[in-house]
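Student: Okay, sequence plus prediction incoming.
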Amino acid sequence: MDQKFDSVKDLSLISEKNWCIKVRILRMWKVPSYEKSYSQPSMELVVIDKDGTRIHCFIRSIHYRLFEPILEEGKVFVVGNFTMDSNTQKYRPTKHSMQIIFKRDTLVSGADGMDIPIESFDFVATKEILSSVKDDLYLIDFVGLLSAKSELIPFENRNRKSHYMKIELDDLSGSEKLSCAL
């Protein structure tokens with residue numbers, strides 16, 4: 001008998017609901033703790049379900065050691081017994097208004113995932129990026145041709161020296177340019 005999984009698009013703050021989802025990890029990264037050099041990093045994920053809906057997941061540093069050995073980018077997992085929270089970050093990894101917070105007793109197990117996309121892109125046109133006036137956007141996907149780059153430019157912030165580089169990307173039509181700093 002096939003198990004019924006909740007759709008990521010339906011996830012909400014309904015407190016009495018015990019959500020269970022089947023997702024593929026699209027991206028996974030560690031976030032170092034800048035407060036204490038000896039503490040564990042936290043971990044963040046972007047996952048996708050069979051319908052192509054993406055959501056951001058957060059694993060606190062106190063739970064890092066529980067999940068780090070289990071989770072792997074590109075693999076499919078069944079995840080249950082987690083907490084939902086509003087996604088109010090200034091720069092959100094996904095469009096979803098919610099985020100998943102792993103708890104100590106969040107259940108994670110590997111699964112077959114032939115029905116879940118391996119990659120997912122939501123490309124944004126250059127005109128849309130340039131016309132945007134909102135500062136609190138979610139992360140976007142963009143394809144462009146590198147047409148110009150600067151030398152490394154030194155700068156200092158809070159007594160820390162670093163460098164950045166300016167680049168220019170042409171969109172695929174060749175009619176628009178996007179300037180960025182790395």
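Tutor: Structure's in. What do you need?
Student: use CA for all of it now, contacts and neighbours both
Tutor: Fine.
Student: Heading C-terminal from the longest helix seen in the chain, find the next helix or strand.
Tutor: Secondary structure of the chain per DSSP state H: the longest helix is helix 126-131. Using DSSP states H and E, the helix or strand that follows helix 126-131 in sequence is strand 145-149.
Student: Would you mind writing the CA trace of that following strand as PDB?
Tutor: What follows is the C-alpha trace of strand 145-149 in PDB, where atoms were taken according to Å, rounded to 0.1, in the frame of the first residue of the first chain:
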ATOM      1  CA  LEU A 145      26.700  35.300 -20.600                       C
ATOM      2  CA  LEU A 146      29.700  36.800 -18.700                       C
ATOM      3  CA  SER A 147      30.500  39.900 -20.900                       C
ATOM      4  CA  ALA A 148      32.800  41.900 -18.600                       C
ATOM      5  CA  LYS A 149      34.600  41.700 -15.300                       C
END
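Student: Which neighbouring elements make contact with it?
Tutor: With contacts defined as 3 or more C-alpha pairs under 8 Å, 6 or more residues apart in numbering; DSSP states H and E, the packing partners of strand 145-149 are strand 166-170.
Student: can you pull the buried residues of the longest helix of the chain?
Tutor: Thr126 (16 or more other C-alpha atoms under 10 Å).
Student: For this protein, which element, helix or strand, carries the lowest mean pLDDT?
Tutor: For the chain, scoring each helix and strand by mean pLDDT, DSSP states H and E identifies helix 126-131 as the least confident one, at a mean of 81.
Student: Now do it: distance to the chain's middle.
Tutor: The chain centre lies 22 Å from the centre of helix 126-131; the measure is C-alpha atoms, centre = their mean, to the nearest Å.
Student: List of residues touching it?
Tutor: Phe142, Asp171, Glu176, Lys177, Leu178 (C-alpha atoms under 8 Å, 6 or more residues apart in numbering).
Student: Sort out which of those are buried, if you could.
Tutor: For the contacts of helix 126-131, a neighbour count by 16+ other C-alpha under 10 Å gives the buried set as Asp171, Lys177, Leu178.
Student: if we can go back for a sec, could you dump the longest helix of the chain to CSV, C-alpha only?
Tutor: Written as CSV, here are the backbone C-alpha positions of helix 126-131 (Å, rounded to 0.1, in the frame of the first residue of the first chain):
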residue,chain,number,x,y,z
THR,A,126,16.5,40.5,-16.9
LYS,A,127,13.8,43.1,-17.4
GLU,A,128,11.9,41.7,-14.4
ILE,A,129,15.1,41.8,-12.2
LEU,A,130,15.9,45.4,-13.3
SER,A,131,12.4,46.7,-12.8
